[in-house]
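Undergrad: Task: produce atomic coordinates for the following.
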Amino acid sequence: MDIVPYLKLMVQKNGSDLFFSTGTPPNLKAEGETRPVGTSPLQGGQVRKLAYGRRPDQGV
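TA: Numbering: from 1, shown residues only. You can find the predicted model right below:
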């Protein structure tokens, strides 16, 4: 699981916030409105992979 596509979407949509929570789809806040990114809810462990996936040198 990689956070980069979500960050690219955030830039494209002029977003200000990304929200990741297990059991719900990722959400993007842009222009004052928060909307889901897709329909697939994040499964257990995916949020951790998103948060730490770009920093393999850091322990969890």
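Undergrad: where does this structure have low pLDDT?
TA: 54-60 (pLDDT under 70).
Undergrad: Outside of the longest helix along the chain itself, list whatever touches it.
TA: Longest helix of the chain, by residue count under DSSP state H: helix 4-12. Identification of contacts with helix 4-12 by Cβ atoms under 8 Å, 6 or more residues apart in numbering yields 15, 18, 26, 28, 30, 37, 50, 54. For glycine as for every other residue, the C-beta is placed from the backbone atoms N, C-alpha and C.
Undergrad: repeat that with 7 Å
TA: Helix 4-12 is touched from outside by 18, 26, 28, 37, with contacts defined as Cβ atoms under 7 Å, 6 or more residues apart in numbering.
Undergrad: buried stuff in the helix or strand that comes right after that helix?
TA: Once helix 4-12 ends, the next helix or strand along the chain (criterion: DSSP states H and E) is strand 15-19. In terms of neighbour count (16 or more other Cβ atoms under 10 Å), strand 15-19 has its buried residues at 15, 18.
Undergrad: helices or strands up against the helix or strand that strand 15-19 is followed by?
TA: Sequence order places strand 27-30 as the next helix or strand after strand 15-19, per DSSP H and E. Strand 27-30 makes packing contacts with strand 15-19, strand 33-36 when contacts are defined by 3 or more Cβ pairs under 7 Å, 6 or more residues apart in numbering; DSSP states H and E.
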